[in-house]
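Q: Below: sequence and its predicted model.
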Amino acid sequence: MQATTDYLEQNKARFLSELMDLLRIPSVSADSKYKGDVLRTAEALKQRLIEAGADKVELCPTKGFPILYGEKIINPALPTVLVYGHYDVQPPDPLHLWDSPAFEPVIKKTELHPDGAIFARGACDDKGQMYMHLKAFEAMMRTNTLPCNVKFMIEGEEEVGSDNLGPFVEANAQKLAADVILISDTSMIANDVPSITTGLRGLSYLEVEVTGPNRDLHSGVYGGAVANPINTLCKMIASLHDENGMITIPNFYDKVAELTAAEREAMNQAPFNLDKYKAHLDIADVAGEKGYTTLERASVRPTLDCNGIWGGYIGEGAKTVLPSKAYAKISMRLVPHQVSAEITELFKSHFEKIAPASVKVAVRPHHGGEPVVTPTEGIEYQAAALAYEKTFSKTPIPQREGGSIPIVALFERVLGIKTVLMGFGLNEDAIHSPNEHYGLFNYYKGIETIPYFYQYYTELKTK
């Protein structure tokens with residue numbers, strides 16, 4: 001695969017320019033005002049995939065945004081790699097916290113990225129990491145080194161729950177048939193400490209509404225006599241954790257898979273500096289479930305967090321109002337063997353039960369997904385490890401991540417194949433946050449490493 005590395009070196013400037021163009025398109029799937037931009041991103045990627053050398057490239061319609069599909073079957077007898085990624089991005093809000101406009105990518109040097117990083121929404125999650133695969137494929141095609149078959153499935157609704165991906169996969173199982181799924185939508189420990197993600201948490205995401213009086217009231221006339229939905233909602237949310245950071249929903253922990261002492265010791269040997277962690281986040285101390293380390297809290301323990309809360313008057317100046325309604329968005333990260341639908345129902349039942357008679361409560365589930373653990377003994381992991389060893393000159397460390405990619409469990413259930421998670425971003429790259437960025441080192445290193453995965457996977461699969 002030295003030929004692909006040489007091709008990368010010769011085309012670095014173009015590869016970067018193309019990614020920058022892609023990042024300029026605000027493909028925010030959560031906001032309908034960006035619908036045209038999401039579709040424009042899909043069309044742009046379709047053209048790039050065709051130019052890279054894929055066959056049967058098409059935008060497959062769904063009830064939402066289309067799924068980009070393409071393939072290159074060089075020999076049906078050889079293994080097939082199915083590449084998954086997404087072209088939609090998170091909303092850029094709050095805009096005032098960005099140092100530069102979210103959809104005007106710029107390159108700046110940082111402490112962790114001395115060679116420079118691209119600052120833009122979607123730079124790391126997932127346009128930059130997804131686009132590595134198109135460029136790695138192009139490099140293999142141009143140098144005639146593609147060792148096996150490849151299929152691409154790139155969706156536009158991952159950031160809003162992938163509601164239409166399941167039906168698409170189930171209806172196209174034969175079309176998507178492969179031997180392994182390759183995804184880059186995770187991170188590694190550090191640029192000099194490569195790692196492979198071997199576990200992801202599941203997700204239950206929902207919205208709650210608390211209603212008090214039938215209209216907004218004057219807080220002087222009615223304050224103290226009528227329940228304030230914002231006050232009530234805050235008390236209800238606060239009650240969802242006890243003094244030790246444990247979630248108080250009955251039966252919430254019933255199916256939680258506990259790690260053995262040996263497993264906990266092994267995962268805590270990963271390089272981690274708590275002081276640097278706190279300094280990077282500008283916090284005086286960490287918090288969370290008592291009895292667990294920061295690494296454990298952020299990966300192998302379930303969580304419940306309020307992701308947004310609003311109600312009443314939030315405009316400029318004062319308005320002394322007792323609001324009629326208050327709202328919150330809440331997410332719960334789940335671990336093996338918790339089931340998202342069951343946790344959602346447990347939350348709903350509990351939240352309705354703890355509501356005082358002075359308010360009415362509505363709980364609206366949005367989306368969810370199941371936790372996964374990928375094996376480290378299979379040839380999928382071995383091939384990825386060999387690829388990292390080749391380009392980083394270090395053996396990668398297996399690690400569990402706290403994020404969720406719900407479709408990993410879906411792929412295994414419907415397609416019956418395993419997934420390998422080869423992420424090249426860093427946790428510090430501010431995904432979902434203002435000033436999201438992705439290192440140039442990481443972008444190019446991903447393009448360099450991916451072809452070696454193809455090579456080693458084909459060798460291990462066919463020997």
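A: Thanks, I have the structure now.
Q: Tally up the residues packed near the closest residue to residue 129 other than its chain neighbours, please.
A: Nearest residue to residue 129 in three dimensions, chain neighbours excluded: residue 184, at 4.0 Å (Cβ to Cβ, 6 or more residues apart in numbering). All C-beta atoms are positioned from the backbone trio N, CA, C, and that covers glycine. Close neighbours of residue 184, defined as other Cβ atoms under 10 Å, add up to 27.
Q: my guess is residue 184 contacts residue 85, does it?
A: Yes: with contact defined as Cβ atoms under 8 Å, residue 184 reaches residue 85; the gap is 7.0 Å.
Q: Can you list the residue ranges for helices in the stretch 51-200 of the chain?
A: Under the criterion DSSP state H, counting those that start in this stretch, helices of the stretch 51-200 of the chain are mapped to 127-142, 165-171.
Q: next one: the stretch 251-400 of the chain
A: Using DSSP H, counting those that start in this stretch, helices in the stretch 251-400 of the chain cover 261-267, 274-281, 294-297, 340-354, 379-392.
Q: From residue 156, how far out is residue 367?
A: According to Cβ to Cβ, to the nearest Å, residue 367 stands 15 Å off from residue 156.
Q: looking at this structure, which residue lies furthest from center?
A: For the chain, the largest distance from the centre (Cα atoms, centre = their mean) belongs to residue 221, which lies 47.1 Å off.
Q: Distance check, the residue nearest to residue 162 when sequence neighbours are not counted against residue 116.
A: In space, and not counting its chain neighbours, residue 162 is closest to residue 407: 5.5 Å by Cβ to Cβ, 6+ apart. Counting by Cβ to Cβ, the separation of residue 407 from residue 116 is 32 Å.
Q: And those two? Which one has more around it.
A: A direct count of neighbours by other Cβ under 10 Å for residue 407 and residue 116 places residue 407 higher, at 26 against 16.
Q: one step back: wait, the residue nearest to residue 162 sits on residue 86?
A: No: the pair residue 407 / residue 86 is not scored as a contact, 9.2 Å apart, by Cβ under 8 Å.
Q: what sits in contact with each of the two?
A: residue 158 (Cβ atoms under 8 Å, 6 or more residues apart in numbering).
Q: Does residue 176 touch residue 165 like I think?
A: No: if you go by Cβ under 8 Å, residue 176 and residue 165 don't touch, sitting 10.9 Å apart.
Q: Which one's more surrounded, residue 367 and residue 156?
A: Neighbours per residue, other Cβ under 10 Å: of residue 367 and residue 156, the larger number sits with residue 156, 27 against 16.
Q: Run a quick neighbour tally on the nearest residue to that one once chain neighbours are set aside.
A: Nearest non-adjacent residue to residue 156, counting by Cβ to Cβ, 6+ apart: residue 65, 3.4 Å away. Neighbours of residue 65 under the rule other Cβ under 10 Å: 23.
Q: what sits against residue 65?
A: Residues near residue 65 by Cβ under 8 Å, 6+ apart: 29, 38-39, 42, 88, 155-157, 164.
Q: Contact partners for the residue nearest to residue 129?
A: Applying Cβ under 8 Å, 6+ apart to residue 184 gives the contacts 85, 126, 129-130, 132-133, 421-424, 446, 450.
Q: again, only this time at 10 Å
A: Residue 184 is in contact with 83-85, 124, 126, 128-133, 136, 197, 420-425, 446, 449-450, counting by Cβ atoms under 10 Å, 6 or more residues apart in numbering.
Q: next one: residue 88
A: By Cβ under 10 Å, 6+ apart, the contact list for residue 88 reads 27-30, 34, 37-38, 41-42, 64-65, 122, 125-127, 154-160, 162.
Q: With residue 162 instead?
A: With Cβ under 10 Å, 6+ apart, residue 162 has these contacts: 29, 64, 67, 86, 88, 155-156, 168-169, 367, 369, 405-407, 410.
Q: Verify the stated contact: residue 143 with residue 137.
A: No: at 11.2 Å, residue 143 does not count as touching residue 137 under the criterion of Cβ atoms under 10 Å.
Q: So the two - more neighbours on which side?
A: residue 137 (26 against 16).
Q: ok, the nearest residue to residue 217 once chain neighbours are set aside - contacts?
A: Leaving out its chain neighbours, the residue that sits closest to residue 217 by Cβ to Cβ, 6+ apart is residue 322, at 4.3 Å. Contact analysis of residue 322 by Cβ under 10 Å, 6+ apart lists 212-213, 215-231, 312.
Q: if you set the cut-off to 6 Å instead, what comes out?
A: Applying Cβ atoms under 6 Å, 6 or more residues apart in numbering to residue 322 gives the contacts 217, 219, 222-223, 228.
Q: Residue 361 versus that one, what's the distance?
A: Counting by Cβ to Cβ, the gap from residue 322 to residue 361 is 18 Å.
Q: Show me where the stretch 1-150 of the chain has its strands.
A: Per DSSP state E, counting those that start in this stretch, the stretch 1-150 of the chain carries strands over the ranges 55-60, 67-72, 80-86, 106-108, 117-119, 149-155.
Q: deepest of those strands, which one?
A: Neighbour counts (mean count of other Cβ atoms under 10 Å) averaged over each of those peak at strand 117-119, with a mean of 26.
Q: same for it, what does it pack against?
A: Here strand 117-119 touches strand 106-108, strand 437-439, going by 3 or more Cβ pairs under 6 Å, 6 or more residues apart in numbering; DSSP states H and E.
Q: Doesn't the residue farthest from the centre of the chain lie inside a helix?
A: Yes: checked against DSSP: H, G, I helix; E, B strand; the rest coil, residue 221 lies within a helix.
Q: how far away is it from residue 215?
A: Residue 221 is 12 Å from residue 215, by Cβ to Cβ.
Q: joint contacts of these two?
A: Residues touching both residue 221 and residue 215 by Cβ under 6 Å, 6+ apart: none at all.
Q: Grab the nearest non-local neighbour of residue 222.
A: Nearest residue to residue 222, sequence neighbours excluded (Cβ to Cβ, 6+ apart): residue 322, at 5.4 Å.
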